[in-house]
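# Kindly return the folded structure for what I paste below:
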Amino acid sequence: MFRHFKEVKANKGGIIAAAGTGTSTATMVACCLHHVGDVAPVIGLSGAAVFMSQYKVYFMIFGISMNLLGIYLMLRMIKKHTSLDCCSRS
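Presented below is the predicted three-dimensional model:
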């Protein structure tokens, strides 16, 4: 989807890439945060491990919901700009 949108609106690719990078980074951190609970006892952070394991499901739900939100927003932008391009060519 990102590639399609970038090809459709190449002149605004920098803005889209910057927004996509920030969203992608935040989503990746939220999605992988539940693994910190697995590694924390090894590096001596048992208190953090207890906290992370207690809220592991919530971190996973947050990460997945952010991914779904990003997909929805990209599809909405593609639909909006595709319909505008269609009407402006006639």
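# neighbours of Phe59, just the number please.
19 (other CB atoms under 10 Å). To be clear about C-beta, it is placed using only N, CA and C from the backbone, and glycine gets the same treatment.
# An error on my part: the question was meant for Ile64.
Ile64 - counted by other CB under 10 Å - has 13 other residues nearby.
# what's the answer for Leu69, then?
A count of neighbours around Leu69, defined by other CB under 10 Å, yields 12.
# now His81
Using other CB under 10 Å, His81 has 14 neighbouring residues.
# can you check Phe62 too?
Using other CB under 10 Å, the number of residues around Phe62 comes to 17.
# Could you identify the helix or strand that succeeds the host helix or strand of Ser53?
Per DSSP states H and E: Ser53 is located in helix 46-54. The first helix or strand that comes after helix 46-54 along the chain, using DSSP H and E, is helix 56-88.
# Now do the helix holding Ser53, average pLDDT.
Mean per-residue pLDDT for helix 46-54: 68.
# and what of stretch 75-87?
Rounded mean pLDDT across stretch 75-87 is 72.
# One more: stretch 29-38?
Stretch 29-38 comes out at a mean pLDDT of 65.
# how much space between Ile78 and Ile61?
Ile78 sits 26 Å away from Ile61, going by CB to CB, to the nearest Å.
# Which residue of the two possesses the greater neighbour count?
Neighbour count, other CB under 10 Å: between Ile78 and Ile61, Ile78 has more, with 16 against 12.
# Roughly how far does the more buried one sit from Ile71?
Going from Ile78 to Ile71 by CB to CB gives 11 Å.
# do the same with His81
For His81 relative to Ile71 (CB to CB), the value is 16 Å.
# Now the phi/psi pair for Tyr55, please.
Torsion angles at Tyr55 (phi, psi; degrees, to the nearest 10) stand at phi -110, psi 20.
# Number the residues from 29 up from this point.
Okay, using 29 as the starting number, the last item reads as Tyr83.
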